[in-house]
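*Asks:* Build me a model:
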Amino acid sequence: MRLWKRKKAWKSEGQMLMGRINIILITVISLIIQGSLLVLFTFNGRQPDLLLIVVVCFSIMWGSREGALVGVTAGLIQDILFSRFLGVFALTKMLAGYLSGFTEKNIYRDFVLGPMLVVLVMTLLQEGLVYILSGELTRLSLGTVFMQIILPKALYNFCLTPFIYLFIYFANEKKFFRPFR
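*Replies:* Residues are numbered from 1 along each chain as shown. The predicted structure follows:
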């Protein structure tokens, strides 16, 4: 009987490790696509933030705690690879993951308009915080940054959300990330 429980515990630990590895793989792949392929698909010189969409989708699926954990991990990887300031993306993506996780119980997961609206709001929040934390306040006015940078990126993220959300939703339904909790 003890041997059976021990084997079952190993299987559970292995599944949990594979779920976490899959989350990191999705994060790294979206970061690679964002840094390489999406540069070709800019709109008014702006490109979407796939990593933010992924973080928000995960936090809608699993809640604030897991969303913040995925957000800080993804943001830290983004900071290391692409940012001048270490911690800006980690902080803003953690906050976006935490706040969007509150919609976990109040949103219909199989209806994609809810996640699209959450991504829109979180993009506005995250880009505004990046603007403030990066010290751009002294160089550009808030209105200019909002109209030329933040709003186009938010609309771009809004339009890409259904594709990414449905992929993550169906992968979650097939237990690709489980047991994560």
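*Asks:* and the helix or strand encompassing residue 163, what's its mean pLDDT?
*Replies:* In this structure, residue 163 is located in helix 151-173 according to DSSP states H and E. Mean per-residue pLDDT for helix 151-173: 93.
*Asks:* First residue to last residue on stretch 135-143, what's the distance there?
*Replies:* End-to-end distance for stretch 135-143: 16 Å, by CA to CA, to the nearest Å.
*Asks:* Let me know the average pLDDT across it.
*Replies:* 73.
*Asks:* swap in stretch 112-123?
*Replies:* Mean pLDDT, stretch 112-123: 96.
*Asks:* Distance of residue 160 relative to residue 21?
*Replies:* 25 Å (CB to CB, to the nearest Å). Any C-beta I mention is one placed from the backbone N, CA and C, and that applies to glycine too.
*Asks:* Please apply the same query to residue 168.
*Replies:* In terms of CB to CB, residue 168 sits 16 Å off from residue 21.
*Asks:* Ok, residue 42 next?
*Replies:* 31 Å.
*Asks:* what does residue 13 give?
*Replies:* In terms of CB to CB, residue 13 sits 13 Å off from residue 21.
*Asks:* where along this structure do the helices fall?
*Replies:* 2-35, 50-62, 64-82, 88-100, 113-133, 142-145, 151-173 (DSSP state H).
*Asks:* most tightly surrounded among those?
*Replies:* A comparison of those by mean neighbour count, using mean count of other CB atoms under 10 Å, puts helix 50-62 on top with a mean of 27.
*Asks:* Identify the residues contacting the most centrally placed residue in the chain.
*Replies:* Computing the C-alpha centroid of the chain and ranking residues by CA atoms, centre = their mean puts residue 55 first, at 1.8 Å. By CB atoms under 8 Å, 6 or more residues apart in numbering, residue 55 lies in contact with 67, 70, 71, 74, 75, 93, 96, 97, 100.
*Asks:* give me that answer again for 6 Å
*Replies:* Contact partners of residue 55, counting by CB atoms under 6 Å, 6 or more residues apart in numbering, are 70, 71, 74, 93, 97.
*Asks:* got the angle between the helix holding residue 163 and helix 113-133?
*Replies:* 130 degrees (axes from the mean of the first three to the mean of the last three CA atoms, to 10 degrees).
*Asks:* Quick one: distance of helix 151-173 to the chain centre.
*Replies:* Relative to its chain's centre, helix 151-173 lies at 10 Å (CA atoms, centre = their mean, to the nearest Å).
*Asks:* What are the contacting residues of it?
*Replies:* Outside of helix 151-173, the residues within contact range by CB under 6 Å, 6+ apart are 43-44, 46, 48-49, 53, 57, 61, 112, 115-116, 119-120, 123-124, 127.
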